[in-house]
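Participant: structure for the following, please:
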Amino acid sequence: MKNVNSTLLRLMQLTALQLLLAVLFMGVSWATDVSAQELLDRRISLIVRDQNIKTVLQSIEKAANVKFSYSPQIVRSKQLVSMRVQNSTLKEVLEKLLVPLKVNFSISGEQIILARTTEQAISIQAGEAVEDAGAPAERTITGVVSDEKGEGLPGVSVVVKGSPRGAVTDASGTYRLTIPDGAQTLVFSFVGYTSQEVAVTGQSTLSVQLKPDVKSINEVVVIGYGSLNRKEVTSAVTHLSSSDLLRVGSNSPLMAIQGKVAGLSVTNTASGDPNSTPSIQLRGVSSRSAGLGPLFVINGIPGGNLDNINQNEIESIDVLKGGAASAIYGTRGSNGVIVITTKKGSSESRIFYDGYTSFDYITNKLKLLNRDEFLANKRGVDLGGNTDWTKAVSRSPAFAQKHTLQFSGGNGQTNYFTSVDYRKAEGIDLRSSKQEYGGRVNINHTSANNLYALTFTAAPRYTKTNLADYSGFNYASTLNPTQPVYDTDGKYAYVNTGFFANNPVERARNVVSGQEVKYLDINGSFKLNILQNLSTLITLGEVTSSFRNENFSPSTLTTVINGTKRNTASQSLDENDQKSFEWTGNYALEVQKHAIKLLGGYSYQYFTSSGFNASNENFPSDVLTYNSLGTGLWNLQQGVNNVGSYRNNSKLAAFFGRVNYDYDQKYYMSASLRREGSSKFGYDNKWGNFPAASVGWRITQEKFAQGTSWLNELKLRADYGVTGNQDFGNYLSLDTYGGYGYYLYNNTSYQVWGPSQNTNYNLRWEKAINFNVGVDFDLFKNSRLTGSLNYYVRTNKDLLGSYAVPNPPNVQGSTFANVGTMKNSGLEIQLNVAVVNNKDFSYNINFAGATNSNKFVAFSSEAYKGQTFIDVVGMPAPGSPGNAQRLQEGTRIGSFYMLKSAGVDETGALLVYNKNGDVIQANKANNDDRQFVGNGLPTFTGGLTNNLRYKKWDLTVFLRGTFGYRIFNTYAFYLGTPATQQNINTLTSAYDGSKYSKLTSPATYSSLSDYFMEPGSFVKIDNVTLSYTQPVTSKFLRSARIYVTTRNLKTFTKYTGGDPDLVQINGLYPGVNNTLNYFPSTTQLLLGLQVTF
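Facilitator: Below is the predicted model:
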């Protein structure tokens, strides 16, 4: 506990120092405008045809990176223009566009303010109508409209509410307006600022100050089957744009958000393997036997393929954490939903290239005895060699390269986005590698009258891999360092001693184990705008994947020559297909202060999996490897065929609806219901209901809060939702038959068949009951501090698992059933601090942190009365260590259950406490003496991002930490003491005077105790990126950016078993590795170039 506290204290000191620096920076920050001339000299290219002026201005904003401010009366949405410019200055474009419209412009920082020419600046009635001559008594009111600094705002619209009368302010922010006598309400509106309504009675002057529109509340957040402004969201949702993603050379784009989302745990225990995939878990573990990962929705298709996305294609990632947000996806929403939106084209033509090379170096590796230390400590015989086996089985550095080329463009009606990429990567072991080619095409078209809209996406990908042998570093850790790799004849040495009799260099270079993978994602949609506020959308999609596995062990392997003398080969093919049909309708209505949005829909998905496998042995030649399985003699000699195949399918169908309501943009309510059926469920439980509701209150819209200058936005929200989990195998509720091996009769082998499982017609989805309460805030001038705070409780009921049943009457001894309950709760915080934001320098801090409290509530249900605990995580030989953890009712998962250490006696034997509290030697203890001695599930995780910009330089420093848990040091247990069997190499800890060097007695070698448990808390300098961007005013080139990234630069921890990141903290059994298979962590150096044309 002291170790945990000291690590947390260091983190708190670091955070306090950063916050102190932030305060100092905020105190001395100042605003400096970009020069007007520099802004007007920016060059853009633009082609528009019959577009409204508002759309054209938006295109210019994107092309020139500027912002327009103007009154709605100046820009008429029905006014259409056409223009074509190529590499022209912004000034030339604006003059060409605005002069014919009698609109002038002025520059303020990076804002371009539009206003009518002087003679039209004031007393312009809305719709350009003159005042009604027959109107009743009237009076004139004048005033000044200013910004948050007190400076006059030109171009502000001032309109009499409920009347066509209006005016715009002149260059000094002054307006003059004739209004009917009596009480009236004036509406002041300006793009980029919050509109204000002010009641006037008899006064003749009225001046107002507008507040900047808070960007955070207008940020678009993608939710299930739609999107909302941030201010409308009433559930727990975290939004990340492409600029928030970390730059990593990884196999999965989700490694780019590791530590970025509070409550989302993204881990990869083999980052040096180019074929590894991360484990993803949201708000703790949620199941025993069903899937633990969230649902991925990619471009509106539930169940999208995450492995078929290039990070450069991602526009945004939205993580739906609250039950009300994910309940719309029914039986697949229990583990949360991650919505990924890929990039689209725009009216601006653009070519973009991104390429990088990366180098991975082994770091935090296990410290093993070298040759001299091995002999000095009399660990084994001297075989005459001097081999660093870890170095022999590794590539350091491992080289990788990736290239992406993207084309995008279009016009107001049609746009396209095309991306192609190539990646070639080596792993840090001798065998693993990956070569892939991928692409994506997004096409969007909207009719000229906005009656309909079409989208189409196609994304193919081909991958060829060589799979890593995770046992290679395991063998390297145990082999005698005097054992040479090659014998005196230059051939691979035959290794027949140690834990694992194997030559890992020979295996890595001669055993073939690879995959050929093909992906294809296709989807399209048709949207019909029946009315301005009524539309319907049909989406069709198909996600397919094919995995061909290829394996071959040649006859020349020393283990084959000295063993079976048979070469072996196998092939298998696994194909998966998912077809989707989604039909939704949307209706929106605004009446005075009331706004309502209705969603209704139908969803259908059909899943198919099929495959085959074949294997054989004793081939006449090694030349054809796995490509001639029929020439092997082994199957014929044994009377078996070693051929198998399978095919299964499942279906999902659902009806769903949702209503969103708000009153005066102050009070928000959302309610949804999904009724879903699955073919996986038993006959009696085919359909389920998944309701959800949420509410929100924007306190800053209340009159009592509007006078608080430092409070831009404050919203309270709460949500409740019921979600499900049906991520388990097909047909588990049905009567199924399967093979039971072969029976030899009259010299002929016959396949034996029989019932393979018990039926369970009551099988249903796992149910999660979610509750979340949170607050969103935006504080201080220019949104200096924004963020959110969430507290959640999730109770998972009807957990799926195989439970023991009597046999007979059951045909099998276990049944797959809904039994058990688990509960997770926690606090999450997301903070964004704009410390400094000036022309030449900016500094921003982002922090994401989360706690997680877990309890396994029950193993039993009404139908099944299970035991109160099960012992889990069996540790392997040598010896019989037993289980390392216990899953017990009322306790936290990851609870270590083993002997409690009492030190080491004078003979070098481990001492432990028995059940009576007496001290005994560990080898004399039994299972009754075991007790709970710690936990492997972290209590707090966090990530801290520092973004600094100075002129054209950018620096990002990302820190990540995990705290409050223990790790069982498996490597120290098996290899870290002098008691390790002879002729096996050990860790240096066996002889360096540490506590492990005291365990010299073989009698207690395999006794599991907390003597080997260590604090797992760590802080990493996880990602550092330095980049330089050079804008280019050229006809063909817009900008160039070079960047350098390092990943996993430094780890601060008291754990001695290597990198604590290599020990899984996701899943049911966190904090322990129950295998000696070991894949070292790496530090990555990445050099990249981005060019925009």
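
Participant: switch to C-alpha atoms for all contacts and neighbour counts from now on
Facilitator: Noted.

Participant: and the closest residue to Leu210 other than its chain neighbours, what's its pLDDT?
Facilitator: Leaving out its chain neighbours, the residue that sits closest to Leu210 by C-alpha to C-alpha, 6 or more residues apart in numbering is Asp147, at 5.3 Å. pLDDT for Asp147: 79.

Participant: wait, Asp147 sits on Lys211?
Facilitator: Yes: using C-alpha atoms under 8 Å as the test, Asp147 is close enough to Lys211 to be in contact (6.6 Å).

Participant: quick check: Tyr470 touching Thr1075?
Facilitator: No: Tyr470 is not in contact with Thr1075 according to C-alpha under 8 Å; the separation is 10.5 Å.

Participant: contact partners for Val752?
Facilitator: Gly739, Tyr740, Gly741, Tyr742, Tyr743 (C-alpha atoms under 8 Å, 6 or more residues apart in numbering).

Participant: which strand or helix spans it?
Facilitator: strand 748-755 (DSSP states H and E).

Participant: now that strand: how far from the chain's centre is it?
Facilitator: 46 Å (C-alpha atoms, centre = their mean, to the nearest Å).

Participant: out of the contacts of Val752, who's the most crowded?
Facilitator: Counting neighbours by other C-alpha atoms under 10 Å, Tyr742 comes out on top of the contacts of Val752 with 14 neighbours.

Participant: flag every buried residue along stretch 241-261.
Facilitator: Residues 242, 245-261 are the ones in stretch 241-261 that count as buried (16 or more other C-alpha atoms under 10 Å).

Participant: okay, and which of those map to strands?
Facilitator: Among these, no member is found in strands (DSSP state E).

Participant: for the stretch 1-150 of the chain, which spans come out with low pLDDT?
Facilitator: Where the stretch 1-150 of the chain drops to pLDDT under 70, the residues are 1-38, 49-50, 71-80, 86-87, 108-110, 116-136, 149.

Participant: nope, the stretch 151-300 of the chain is what I was after
Facilitator: Applying pLDDT under 70 to the stretch 151-300 of the chain flags the ranges 191-192, 212-219.

Participant: kindly recompute the last result at 90.
Facilitator: 151-174, 176-185, 187-205, 209-232, 240-256, 269-271, 277, 287-292 (pLDDT under 90).

Participant: how far away is Asp1061 from Ile967?
Facilitator: In this view, Asp1061 and Ile967 are 11 Å apart by C-alpha to C-alpha, to the nearest Å.

Participant: more neighbours, those two?
Facilitator: Each of Asp1061 and Ile967 has its neighbours counted (other C-alpha under 10 Å); Ile967 has more, 28 against 19.

Participant: show me where the stretch 251-400 of the chain has its strands.
Facilitator: For the stretch 251-400 of the chain, the strands defined by DSSP state E, counting those that start in this stretch cover 264-267, 279-282, 295-298, 301-302, 314-320, 337-342, 350-363, 398-410.

Participant: and the fifth one with strand 337-342, angle?
Facilitator: Same thing as strand 314-320. 170 degrees (axes from the mean of the first three to the mean of the last three C-alpha atoms, to 10 degrees).

Participant: i'd like the first residue to be 78 from this point on
Facilitator: Okay, using 78 as the starting number, the last item reads as strand 391-397.

Participant: helices or strands up against strand 391-397?
Facilitator: Contacts defined by 3 or more C-alpha pairs under 8 Å, 6 or more residues apart in numbering; DSSP states H and E place strand 391-397 against strand 297-300, strand 314-318, strand 414-419.

Participant: next, the angle from that strand to strand 314-318.
Facilitator: Using the same axes, to 10 degrees: strand 391-397 against strand 314-318 is 170 degrees.

Participant: for strand 391-397, buried residues please.
Facilitator: In strand 391-397, counting by 16+ other C-alpha under 10 Å, buried: Ile391, Ser393, Ile394, Asp395, Val396, Leu397.

Participant: which one of those is nearest Pro953?
Facilitator: Lowest distance from Pro953 to the buried residues of strand 391-397 (C-alpha to C-alpha) belongs to Val396, with 38.3 Å.
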